[in-house]
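**Student:** Build the 3D model from these lines:
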Amino acid sequence: MCLICVDFKAGKLRIDEARNNLNEMGEQLLDHKEEVEEMLFEAENTINSVLDEYEANLTGLPFGLYDNEDFRAYAAFDGNMEELYSRD
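**Tutor:** Model (predicted):
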């Protein structure tokens with residue numbers, strides 16, 4: 001394994017940092033470059049699928065915040081439920 005693989009798997013590199021390092025060292029890695037690219041591609045796909053699932057679960061949030069409702073009134077919520085329900 002190369003330093004990119006070791007550091008990425010240890011959580012010391014983000015995907016973009018690993019890609020930058022790969023571009024800098026790409027010619028030196030020879031055949032291993034394809035393995036690193038595949039590892040980063042799989043990691044990115046995993047992250048995207050988790051984010052897609054998370055986004056799908058956000059629909060139907062209380063107060064309709066996910067539907068671009070103005071959330072400032074809720075951001076200033078101080079714990080007074082009567083005041084919260086009296087807002088239009």
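**Student:** Every contact and neighbour count from this point should use C-alpha atoms.
**Tutor:** Will do.
**Student:** got the residue ranges for the helices in the protein?
**Tutor:** For the chain, the helices defined by DSSP state H cover 3-9, 15-29, 32-58, 72-75, 81-86.
**Student:** Tabulate these (JSON lines), appending mean pLDDT and mean neighbour count.
**Tutor:** JSON lines is the format used below for those (pLDDT from 0 to 100; neighbours: other CA atoms under 10 Å):
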{"stretch": "helix 3-9", "mean pLDDT": "91", "mean neighbour count": "15"}
{"stretch": "helix 15-29", "mean pLDDT": "87", "mean neighbour count": "14"}
{"stretch": "helix 32-58", "mean pLDDT": "86", "mean neighbour count": "13"}
{"stretch": "helix 72-75", "mean pLDDT": "52", "mean neighbour count": "10"}
{"stretch": "helix 81-86", "mean pLDDT": "58", "mean neighbour count": "9"}
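**Student:** Can you check the distance spanned by stretch 26-40, start to finish?
**Tutor:** Start-to-end span of stretch 26-40 (CA to CA, to the nearest Å) is 14 Å.
**Student:** should've said stretch 6-25
**Tutor:** Across stretch 6-25, first to last residue, CA to CA, it's 15 Å.
**Student:** ok, and what's touching it?
**Tutor:** 4, 33, 36-37, 40, 43-44 (CA atoms under 8 Å, 6 or more residues apart in numbering).
**Student:** what do you get for stretch 40-50?
**Tutor:** In contact with stretch 40-50 (CA under 8 Å, 6+ apart) are residues 15, 18-19.
**Student:** One more pass at 10 Å, please.
**Tutor:** 5, 8-9, 14-16, 18-19, 34-39, 51-56 (CA atoms under 10 Å, 6 or more residues apart in numbering).
**Student:** okay, the contacts of stretch 6-25 in CSV with distance to Gly26 next?
**Tutor:** Below are the contacts of stretch 6-25 laid out as CSV (distance: CA to CA, whole Å):
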residue, distance to Gly26
Ile4, 11
Lys33, 6
Val36, 10
Glu37, 10
Leu40, 14
Ala43, 19
Glu44, 19
